[in-house]
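Student: kindly generate the corresponding structure for this input.
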Amino acid sequence: MKKHVAPSSRTLLSCCAALPMMLTALQCHCQSTDSECSITGSKTYTPADKFTLWYTSPGTLAPGLNKWMTHALPVGNGQLGAQTLGGVLQEEISLNEKTLWTGSSNGTQEGTALTTHQYGSYRPFENIIITDLNNPKEVTDYWRDLNIADATSSMGYKDRRGVEFTRTLIASNPDNVIAMKLSASQPGMISSSFKMVPTMSENHSVDYNNATATFSGKFETLSYYGEMKVVAYGGNLSTSSDNISVEKADSVLLLFCGMTDYDPLSPTYTSETASLAGKVETTVSNAAAKGWYSILSNHLIDYKPYFDRVSLDFEGAVNNLPTDSLQRAYAAGNATEGQKRMLEQLYYQLGRYFTIAASRGVDLPSNLQGIWSGFNVFRPYNSYQEQPWNSDIHANINVQMNYWPSETTNLSEFHLPFLNYIINQATIQPQWRDRARKVGQPRGWTLLTENNIFGSGSDWGSDYVIANAWYCSHLWQHYLFTLDKEFLKRALPAMLDACRFWTDRLVQAEDGSYECPNEWSPEHGPVENATAHSQQIVSELFANTLDAIKVLGSEANVDTAELALLNDRYNKLDRGLAIETYTGEYGEKDGINPGDPILREWKYSPYTVGEKGGYHRHLSHLMCLYPYSQLKPGTPEFQAAVNSLKLRGDNATGWSLGWKSNLWARTGDGNHAHKILSNALSNRVTPNLYDSHPPFQIDGNYGVTSGMTEMLLQSHNDGIDLLPGLPDAWQSGEVKGLMARGAFEVDQKWSDGSLKSATVKALKGGEC
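Tutor: Numbers count the residues shown, from 1 in each chain. Alright, predicted model coming up:
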């Protein structure tokens, strides 16, 4: 991951360096509270489900220009996303659609310092502003929440008359709409206006007609269309030239749907443009005909079976504080043990919620912000401030980390949008194959560090070509967890083509081993042959591909000569597991002293060529430990990797803590893994529990969910390890539904730090 300076600058800097400009933007601008009434928070609110984020003040009153990163509550159906801030007088709903991107497949301009990413960026779709025409001066008993067990976001309050008002928001996958119900405890009390506010720098008009608002436009490649519809039950509804108003209704149903003409398999990446408006309008009309209760029922029937596959309960966990207060108490050390456990298991399930909400629909992975990219309508649009790093698809760890918990937390289907994207881009679309030719390889495919949805990318870090091999490991892991041979048949051509890229590219060193030439160890140090990062990833690619060929047998369709070449390169490959001696140059670290062995990050340069201080956020040479399993406990290489992990320290940026939680879990040191978890929850989450890099990057959320799973179950060493990294803090509890390689589903219960029972289900048969 890297950072761009302001758009007027022509300099590209490393993202994970200090971010004073972004912090200033996040912390130092407060919106006037003149547009909000007097609000008293609820003293009696109790969440209906313990897996609920809840608050007693609206996010509209929070400081900062980018409230969507810190205080908005998100819903999503994998294709459409929305966030709410919970304002009373004025509610602001930011809307997203997974494919709404600028740019094209011709965006890369190598060798040019780009002032903006000419390969485009992800864009927020539109905002809906709901204005309360009752204009209350004072409200009491205010609350808002995000129930992740039901995927519903609600808010409520009382006015001076004692009338209770509620709004509930969902993103329905079956009906493909964002839907909100506005209701009151007495009839005839809903009076509101609804307005669509464009959030894109490209101008388009909003047309209001017959209780609907529609808009459309075209970027360089994609066309888009959106529709908002208001359905009033009782009262009067009117449509003007710039809003839809409801007076004295009993309740209101608000609907939104937006689409683009993106087609991942089309040569132009577009199709059915002429039918776009019709599809959106039909979708909204069908939802309106069904009504709120049918939409909500369909949503729950669809969502609940996925979320409920895994339950995690720490004994004594209690959700009795607003989530922002809970997080502050946790960070300050003032939370009770039950409150600490509640925040931890809430954060765990939030990662699974994000997976379901952000990774469905068209074959595209979730991006750096999942599918949520917000915009505050009270100031001009600014791409840099609204979408950090353009909300793009980063291939040097970030998009991979988004999918680390998919298989282990029993959400394998939600891995498929990423996996199918890899297969499509590697075998059907030409851009990644063209990229291989641009870096001198006649066969195979590869991709850039920064990517849009059209197979193109920026020129930042353009010498990093190892992402193809890293991506392929996701294809193989999906097979290991599902034993789906039909999927493996589809995936093997992409894996083989990545191997062809590397069998041609590898060079032979003086010691006879094969090396990856001119590689980087993201994101620091020199460029040289055989970085540990590159060697470990290519080793994994070759090993997995050879195993896949064995599984498929004759169906693999690999000829003898190619198989022999692959075996030759693999057998002679430098594995990237060399050891050097820690000199103490960076000073003694916790548990590591001069003379201790550490894993080499660079084959030909000492560790001291890296970023001084030793605390670099990337742990690129520890791929062998996690996400891979190339080291065996008790070996010198394993201990050297543990020492290298110690050298990096326990503090880091948000997503890096996610990685470290997995690494420490793999060492079997549950207490250290829990320390990393505590650091993340204390220092790197915002009030809405978004991971803060800073700014918001969703991979940190996914990384910690994965790390907590690794503390509870591991299956990478040809067996299943029960509670392999259980920390002392989790004395008693129960987890159900975790997945192990071999398609095994595992339940565990423990008390006083010891396993009491376990159930292993063989979903595909086979021996455990």
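
Student: looking at the protein, which residue ends up farthest from its center?
Tutor: Here the chain reaches farthest from its C-alpha mean at residue 161, the gap being 43.3 Å by Cα atoms, centre = their mean.

Student: please name the residues that touch it.
Tutor: For residue 161, the contact set (Cβ atoms under 8 Å, 6 or more residues apart in numbering) is empty. C-beta here means a position set from N, CA and C on the backbone, and glycine is covered the same way.

Student: measure it to residue 70 for me?
Tutor: For residue 161, the distance to residue 70 equals 33 Å [Cβ to Cβ, to the nearest Å].

Student: and for residue 204?
Tutor: The gap separating residue 204 from residue 70 is 29 Å, by Cβ to Cβ.

Student: quick one: which of the two has more around it?
Tutor: residue 70 (23 against 14; other Cβ atoms under 10 Å).

Student: how about the more buried one, nearest residue that isn't a chain neighbour?
Tutor: Sequence neighbours aside, residue 686 is the residue nearest to residue 70 in space, at 4.1 Å (criterion: Cβ to Cβ, 6 or more residues apart in numbering).

Student: same check on residue 712?
Tutor: residue 735 (5.4 Å).

Student: could you give the bridge partners of the one you found?
Tutor: Taking DSSP bridges as the rule, residue 735 bridges to residue 312, residue 748.

Student: neighbours of it, just the number please.
Tutor: So residue 735, with other Cβ under 10 Å, has 23 neighbours.

Student: wait, doesn't it sit right on residue 747?
Tutor: Yes: using Cβ atoms under 8 Å, residue 735 makes contact with residue 747 at a distance of 7.1 Å.

Student: residues in contact with residue 467?
Tutor: The neighbours of residue 467, taking Cβ under 8 Å, 6+ apart as the test, are 395, 396, 446, 447, 448, 449.

Student: residue boundaries of the strands in the stretch 251-400 of the chain?
Tutor: 251-260, 311-314, 393-394 (DSSP state E, counting those that start in this stretch).

Student: kindly reformat those strands as TSV containing mean neighbour count and mean pLDDT.
Tutor: What follows is those, written out as TSV (neighbours: other Cβ atoms under 10 Å; pLDDT from 0 to 100):
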stretch	mean neighbour count	mean pLDDT
strand 251-260	25	98
strand 311-314	19	98
strand 393-394	27	94
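
Student: and of the ones you listed, who's closest to residue 610?
Tutor: strand 393-394 (20.8 Å; Cβ to Cβ).

Student: off-centre distance for the closest one?
Tutor: On the basis of Cα atoms, centre = their mean, to the nearest Å, strand 393-394 sits 10 Å off its chain's mean C-alpha point.

Student: sheet partners, orientation included, of that strand?
Tutor: strand 450-451 (antiparallel).

Student: which stretches of the chain aren't confidently modelled?
Tutor: The chain contains residues with pLDDT under 70 at 1-34, 107-118, 200-203, 375-386, 613-614.

Student: do you know how far residue 504 is from residue 127?
Tutor: Counting by Cβ to Cβ, the gap from residue 504 to residue 127 is 50 Å.

Student: the two: who's more crowded?
Tutor: Neighbour count, other Cβ under 10 Å: between residue 504 and residue 127, residue 127 has more, with 20 against 15.

Student: secondary structure class for the closest residue in space to residue 128 that isn't next to it in sequence?
Tutor: Leaving out its chain neighbours, the residue that sits closest to residue 128 by Cβ to Cβ, 6+ apart is residue 93, at 4.3 Å. When classified by DSSP: H, G, I helix; E, B strand; the rest coil, residue 93 comes out as strand.

Student: can you count the residues close to the residue nearest to residue 70?
Tutor: Residue 686 is flanked by 23 other residues according to other Cβ under 10 Å.

Student: for it, what are phi and psi?
Tutor: phi -90, psi 170 (degrees, to the nearest 10).

Student: at which residues are the helices of the stretch 101-250 of the chain located?
Tutor: For the stretch 101-250 of the chain, applying DSSP state H, counting those that start in this stretch gives no helices.

Student: check contacts around the residue nearest to residue 128.
Tutor: Counted by Cβ under 8 Å, 6+ apart, residue 93 has contacts 82, 83, 84, 127, 128, 129, 130, 169, 178, 180.

Student: same thing with residue 120?
Tutor: Going by Cβ under 8 Å, 6+ apart, residue 120 touches 101, 102, 103, 104, 107, 219, 220, 390, 452, 454, 456.

Student: how about residue 746?
Tutor: Contacts for residue 746 (Cβ under 8 Å, 6+ apart) come out as 713, 720, 722, 737, 738, 739, 740, 758, 759, 760, 761.

Student: and the fourth one, how far is that from residue 483?
Tutor: Shown here: residue 737 relative to residue 483, a distance of 18 Å by Cβ to Cβ.

Student: with residue 493 instead?
Tutor: Distance from residue 493 to residue 483, counting by Cβ to Cβ: 19 Å.

Student: same question for residue 356.
Tutor: Applying Cβ to Cβ to residue 356 and residue 483 gives a distance of 23 Å.

Student: likewise residue 230?
Tutor: Distance from residue 230 to residue 483, by Cβ to Cβ: 49 Å.

Student: just to confirm, which helix or strand has residue 545 in it?
Tutor: Take DSSP states H and E as the rule and residue 545 turns out to sit in helix 532-552.

Student: hang on, the earlier thing: just among the contacts of residue 467, which is most surrounded?
Tutor: In terms of neighbours by other Cβ under 10 Å, these top out with residue 448 at 31 neighbours.
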